[in-house]
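J.: Turn this into a structure:
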Amino acid sequence: YLEGISDSEFAGDRDTRASVFGYIMYFCGAPVSWKSKSGKSVTLSSTEAEYFASSEAAKELMFMYNLLEGMNEHHDVILPMTLRIHNTGAIYLANNHTTGQRTNHIDIRVHYVRELIDKGLLKTRFIKSEDNDSDIFTKNVSEELFNKHAMKNIDDLNDERESGYIILEEKSWKQEKDWI
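T.: Predicted structure coming up:
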């Protein structure tokens, strides 16, 4: 399966006051892609910043889906793919076509998440902050919290390697013995 977690830190860049966004993508439970970047423009609310982060994550999910489809490995992807978001306002914006006074300024390109939901390719789910692995890409976190998220991802990757997934020396994503 293919899923992602996105997060942002509203006005996190101290110099420009732009938000910092990040995401982490998982394929068959193992982390395979991640990113942390300062936004190109200032967002006006934490909801907008989280919605922007979810749009960037959705683009990465679709890139990965298309890559797997091109390799004829997309049968491991369950549709709709799940994108976990830490902000209920951003989840509401993604799942509803209504706009209000506070949201009508949001750039149309960010509504890519809505389009994927409408096509049945994506669903959004809430994730608690303490479970949000992408927090380490957007915020200064304590050493304890960083280790919790980082070690979880390393442990997940080791578990997948032991089960036969994502072995770089093999020609396919799974070992042949898994298909027999």
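J.: And the strands in the chain?
T.: 2-9, 20-27, 30-38, 81-85, 122-126 (DSSP state E).
J.: Mind putting the ones you listed into a markdown table with distance to residue 141, mean neighbour count and mean pLDDT?
T.: Where C-beta positions appear, they are placed from N, C-alpha and C, glycine not excepted. Shown next, in a markdown table, are the strands of the chain (distance: least, C-beta to C-beta, whole Å; neighbours: other C-beta atoms under 10 Å; pLDDT from 0 to 100):
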| stretch | distance to residue 141 | mean neighbour count | mean pLDDT |
| --- | --- | --- | --- |
| strand 2-9 | 11 | 26 | 90 |
| strand 20-27 | 12 | 24 | 91 |
| strand 30-38 | 12 | 16 | 88 |
| strand 81-85 | 17 | 23 | 94 |
| strand 122-126 | 20 | 18 | 91 |
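J.: Could I get those strands in CSV, plus columns for distance to residue 140?
T.: Shown next, in CSV, are the strands of the chain (distance: least, C-beta to C-beta, whole Å):
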stretch, distance to residue 140
strand 2-9, 9
strand 20-27, 10
strand 30-38, 12
strand 81-85, 21
strand 122-126, 23
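J.: so which of the ones you listed comes closest to residue 50?
T.: With C-beta to C-beta, the closest approach to residue 50 among the strands of the chain belongs to strand 2-9: 5.1 Å.
J.: orientation of the closest one relative to strand 122-126 in degrees?
T.: Angle of strand 2-9 versus strand 122-126, following axes from the mean of the first three to the mean of the last three C-alpha atoms, to 10 degrees, is 50 degrees.
J.: List the strands paired with strand 2-9, with their directions.
T.: According to DSSP bridges, strand 2-9 forms sheet pairs with strand 20-27 (antiparallel), strand 81-85 (parallel).
J.: In a markdown table, list those strands along with distance to residue 60.
T.: Converted to a markdown table, the strands paired with strand 2-9 look like this (distance: least, C-beta to C-beta, whole Å):
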| stretch | distance to residue 60 |
| --- | --- |
| strand 20-27 | 6 |
| strand 81-85 | 10 |
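J.: Tell me which of the ones you listed approaches residue 126 most closely.
T.: strand 81-85 (6.6 Å).
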